[in-house]
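Enquirer: need the 3D shape of this:
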Amino acid sequence: MSHEQLVREFYDNAVHCYESIMGHTWHHADPAAEARGLTGLAAAQELEEQVVALAGLKPGDYALDFGSGVGGETVYMAKVASCNFVGLCNNEGLSARARALAEKTGMSDKVNFFTIGDEDYKTLVAFPDACLDAVIFYESVCHLPDKAAFFRAAYRILKPGGRIVGLDWLQRPFGEYQTEEQILGAISGVNEYYRIAWHGTVDKYREMMTEAGFDVTLARDLFEGVKCWGSTPDGERPQWTNYEGPEGEFFRKGKVALDAARDAGVFTVGLFAATKRA
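Expert: Residues are numbered from 1 along each chain as shown. All right, here's what the predicted structure looks like:
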């Protein structure tokens, strides 16, 4: 079974766990907003507003949300920016839920969700050259074995001056964990349980975007110098550690592995923005 198939099957079960705990929005929040006491959802939506601003989205623009899941951030961004979004993922169950959310929120005229083949991320062949104003991703590229191919495809489908903006899981040296071997020893459980092909770094993402042709304007560790405990409020931890839904033991073990990587400091989240040269 390919890694991409494993990711698709992972979300067949993860959807039950994630929706029961996180609702429709499945990504880290802005740490500064969380520090101000905003709820997890409000802080996540504040970060989505920052992403919209970084992407330069305007009313009437067309954008892609790659790895759109059940559609929470896609619908919210389309509403905030008054623009049009296409959401893509390789799991039809997620896409169906996202379409239902768009219908429920009255956003079906602005947002569409499609399911693509397991390896279609490498080419995004359904999109013609230079057709989009922005490409967005939230913690989805981390799943891809060939991340560089995705960035090349994103470059192709963006208009000159178009932007790619995204948030993703990363690894980094921290404290006593400095060598690649030490870092992998602390984060390998995350790769296993969350179907991460390999964790990039801030520098590696900058390099891949640059090699694809982008001018990188932002490449930042959102938790630089501190352990990344963002978006994991203590009140929610029992919901993860006691989860009893489909593949419950698997997801409980995954939470333990993720918390261990957070505690070691080797897990973090990065924010990126880049522009296609005009």
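Enquirer: show me where the stretch 51-200 of the chain has strands.
Expert: 62-66, 84-89, 111-115, 132-138, 158-171 (DSSP state E, counting those that start in this stretch).
Enquirer: can you tell me what sits against the first one?
Expert: Same thing as strand 62-66. Strand 62-66 has contacts (CB atoms under 8 Å, 6 or more residues apart in numbering) with 55, 57, 73-74, 77, 83-88, 121, 124, 127, 131-138, 140-141, 150, 154, 157, 166. C-beta: built from backbone N, CA, C; applies to glycine.
Enquirer: switch to 6 Å and redo it
Expert: With contacts defined as CB atoms under 6 Å, 6 or more residues apart in numbering, strand 62-66 is touched by 74, 84-88, 132-137, 140.
Enquirer: I'd like to know which elements the lowest-mean-pLDDT helix or strand in the chain is packed against.
Expert: Among the helices and strands of the chain, helix 237-241 carries the lowest confidence by mean pLDDT, DSSP states H and E, at a mean of 87. Using 3 or more CB pairs under 6 Å, 6 or more residues apart in numbering; DSSP states H and E as the contact test, the elements touching helix 237-241 are helix 248-264.
Enquirer: helix or strand right after the helix it packs on?
Expert: Following helix 248-264 in sequence order, the next helix or strand is strand 267-276 (DSSP states H and E).
Enquirer: ok, which of the strands of the stretch 51-200 of the chain comes nearest Gln178?
Expert: Closest of these to Gln178 is strand 158-171, at 12.0 Å (criterion: CB to CB).
Enquirer: avg pLDDT for that closest one?
Expert: Confidence over strand 158-171 (mean pLDDT, whole number) is 98.
Enquirer: dump it to PDB, restricted to CA.
Expert: Written as PDB, here are the backbone C-alpha positions of strand 158-171 (Å, rounded to 0.1, in the frame of the first residue of the first chain):
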ATOM      1  CA  LEU A 158      -0.800  30.300 -10.100                       C
ATOM      2  CA  LYS A 159      -1.000  33.500 -12.000                       C
ATOM      3  CA  PRO A 160       2.100  35.600 -12.200                       C
ATOM      4  CA  GLY A 161       2.200  37.500  -8.900                       C
ATOM      5  CA  GLY A 162      -0.100  34.900  -7.300                       C
ATOM      6  CA  ARG A 163       0.800  33.600  -3.800                       C
ATOM      7  CA  ILE A 164       1.100  30.400  -1.900                       C
ATOM      8  CA  VAL A 165       0.500  30.600   1.800                       C
ATOM      9  CA  GLY A 166       0.500  27.700   4.200                       C
ATOM     10  CA  LEU A 167       0.800  26.200   7.700                       C
ATOM     11  CA  ASP A 168       2.500  22.900   8.300                       C
ATOM     12  CA  TRP A 169       4.000  20.400  10.800                       C
ATOM     13  CA  LEU A 170       7.800  20.600  11.000                       C
ATOM     14  CA  GLN A 171      10.700  19.100  12.900                       C
END
